[in-house]
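Visitor: Sequence and predicted model, in that order:
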Amino acid sequence: MITTKGLTKVYESRGRQVTALDGVDLHVREGEVFGVIGQSGAGKSSLIRCVNLLERPTAGTVTVDGVDLTALAGRGRRANKDLRAARTRIGMVFQHFNLLSSRTVQDNIELPLEILGVSGAERSRRALELLDLVGLGDKARAYPAQLSGGQKQRVGIARALAGNPKVLLSDEATSALDPETTRSILQLLRDLNQQLGLTVLLITHEMEVVKTICDSAALMRKGRIVESGGVTELLATPGSELARELFPVGGTASGPDRTVIDVTFHGDSATQPVISQLSRTYNVDISILGAAMDTVAGRQIGRMRIELPGRYEENVVPVGFLREQGLQVDVLDPAELAAEAAAPTGLVTSAATTAEVVGGTADGDTPPEATTAADTDAAPGPDSAPAADTETEAAPEETAGKDPAASADRSPALVKENAK
Ligand SMILES: Nc1ncnc2c1ncn2[C@@H]1O[C@H](COP(=O)(O)OP(=O)(O)OP(=O)(O)O)[C@@H](O)[C@H]1O
């Protein structure tokens, strides 16, 4: 449904070039929820903004629902009409909602339809239908300032759906919300994905988001996709960084000359007493350093970090036994494990702190979804004068310092032992 090939974005900033996207190949299948995760500055926002041509890519192609958007954009101003039409099939949800504070909830949802020239009666019918869909049927006449963050995001989602899109792009849609509201918005996105067959591409710095709703995920680093795949496949992939972050277990070796192993249990293997069998069969004392059970992509998965006495060379046979039982086994390198304990790994750092760059497109063609305003907290009631609908545009200072190099790039402790 969404395919990018060799997608590259180079910004010119204060006389220097910043490569935000460096040849990204992405494929999002129809009807799936696909999450792109990465540290601040990895290029996630640039990616999602290039997918709907809010940013004009420097090179590469973007195809959405069979339409090559980059080819349309390349045809100059006359292409605007075609590009706009194609963009109606793509909805976008923003971290800071981007609702017009002077318009009611209903009028905010009607805005993209107004731009598309839909008649008043039809706009109204559609907006009320969408409000019901997002659970805000009673808020049509309210103003954004009178809503909670979660309700504002529901309005943002309803607005994104106004043009009946097949694809929804979500730019950190839950990053400004508390954990409970985050869960309810993720559930809404999942419901919409299932009810409407909507394909969702979301970017996030929160692994919990990937864990909760994504069918597939990609890890971005320094403008590149370094790992991607179905979430359940990733969990079954030895050495997968994403899997390890999706499902972390802690624990370090109790001393030198120990073999530390992460064992992952999927499906039936979770019910077999393999650890006690291993201990009995090889007469080996096993210490459990850490363990966790979790539901990832709707499947129960268990992971355990265990320690065997002796170095790996002395434990090749017991490790082989675990693999024969159908378990996924990752042998950890002691030195890197110690480094991991000193500086825990993290694909992502803290919550996104950098301001979004919202507003005009690279070619000055702002799609309906992006014709948005700062959502001020002044409560403009029906009688008050409309607040200025100012578009927010991040100041250069706000985007400065988002250099990927500034983000600590801490490597995982996994030994690619399985690749040997
Ligand atoms: N308009 C711009 N002008 C110049 N450089 C930019 C611009 N937008 C982004 N960048 C740079 O491109 C790189 C990727 O930024 P991008 O915002 O895409 O990353 P991100 O992964 O979304 O980060 P965050 O999670 O902090 O939003 C960074 O080095 C950033 O400073």
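Guide: Here it is on my side, so go on.

Visitor: for this protein, what's the longest helix?
Guide: Identified as the longest helix of the chain according to DSSP state H is helix 179-196.

Visitor: any idea how far the residue of the chain most remote from its centre lies from P256?
Guide: Centroid-distance maximum for the chain: N283 at 45.4 Å, with C-alpha atoms, centre = their mean. Per C-beta to C-beta, to the nearest Å, N283 is found 22 Å from P256. No exception for glycine: its C-beta is placed from N, CA and C like everyone else's.

Visitor: still on that earlier bit, same for whatever helix or strand comes next after the longest helix of the chain, what does it pack against?
Guide: Using DSSP states H and E, the helix or strand that follows helix 179-196 in sequence is strand 199-204. Under the contact criterion of 3 or more C-beta pairs under 8 Å, 6 or more residues apart in numbering; DSSP states H and E, strand 199-204 touches strand 33-38, helix 44-51, strand 167-171, helix 179-196, helix 207-213.

Visitor: Please name whichever of the ones you listed is nearest to L136.
Guide: helix 179-196 (10.5 Å; C-beta to C-beta).

Visitor: and the residue nearest to V274 when sequence neighbours are not counted, what are its phi and psi?
Guide: Nearest non-adjacent residue to V274, counting by C-beta to C-beta, 6 or more residues apart in numbering: Q325, 4.9 Å away. For Q325, the backbone dihedrals (degrees, to the nearest 10) come out as phi -80, psi 0.

Visitor: distance of Q325 from the ligand?
Guide: 40 Å (C-beta to the nearest ligand atom, to the nearest Å).

Visitor: What's the local residue count around that residue?
Guide: 15 (other C-beta atoms under 10 Å).

Visitor: again with T295
Guide: Count around T295 with other C-beta under 10 Å applied: 10.

Visitor: Quick one: list the elements packing against the helix or strand encompassing it.
Guide: Per DSSP H and E, T295 falls inside strand 287-296. Contacts defined by 3+ C-beta pairs under 8 Å, 6+ apart place strand 287-296 against helix 231-235, strand 299-309.

Visitor: helices or strands next to the helix or strand following the shortest one in the packing?
Guide: Towards the C-terminus, the helix or strand next in line after helix 231-235, according to DSSP H and E, is helix 241-246. When contacts are defined as 3+ C-beta pairs under 8 Å, 6+ apart, helix 241-246 packs onto helix 207-213, strand 216-221, strand 224-230, helix 231-235.

Visitor: So which of these is the most surrounded?
Guide: Of those, the one with the most neighbours on average (mean count of other C-beta atoms under 10 Å) is strand 216-221, at a mean of 24.

Visitor: how far out from the middle of the chain is that strand?
Guide: 8 Å (C-alpha atoms, centre = their mean, to the nearest Å).

Visitor: and that strand with strand 33-38, angle?
Guide: Angle of strand 216-221 versus strand 33-38, following axes from the mean of the first three to the mean of the last three C-alpha atoms, to 10 degrees, is 20 degrees.

Visitor: mind saving the C-alpha coords of strand 216-221 as CSV?
Guide: Output of strand 216-221 as CSV, limited to C-alpha atoms (Å, rounded to 0.1, in the frame of the first residue of the first chain):
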residue,chain,number,x,y,z
SER,A,216,5.2,-4.8,11.5
ALA,A,217,7.9,-2.5,12.6
ALA,A,218,11.1,-0.9,11.4
LEU,A,219,14.0,0.5,13.3
MET,A,220,15.5,3.7,12.0
ARG,A,221,19.0,5.0,12.7
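
Visitor: Within its sheet, name the partner strands of that strand and how each one runs.
Guide: strand 33-38 (parallel), strand 224-230 (antiparallel) (DSSP bridges).

Visitor: what's the average pLDDT for that strand?
Guide: Averaged across strand 216-221, the pLDDT comes to 96.

Visitor: any residue of it up close to the ligand?
Guide: No: using C-beta under 6 Å from any ligand atom, strand 216-221 never reaches the ligand; the gap is at least 6.6 Å.

Visitor: who's in contact with that strand?
Guide: Applying C-beta atoms under 8 Å, 6 or more residues apart in numbering, the external contacts of strand 216-221 come out as 24, 26, 28-29, 32-39, 42-44, 47, 210, 225-231, 234, 241-242, 246, 347, 404, 409.

Visitor: Right, and the ligand sits closest to which residue of the stretch 151-300 of the chain?
Guide: For the stretch 151-300 of the chain, the residue closest to the ligand is H205, as judged by C-beta to the nearest ligand atom, at 5.4 Å.

Visitor: Distance check, that residue against L128.
Guide: H205 sits 35 Å away from L128, going by C-beta to C-beta.

Visitor: and the nearest residue to L133 once chain neighbours are set aside, what helix or strand is that in?
Guide: Once flanking residues are discounted, L133 sits nearest to A158: 6.8 Å by C-beta to C-beta, 6+ apart. Per DSSP H and E: A158 is located in helix 149-161.
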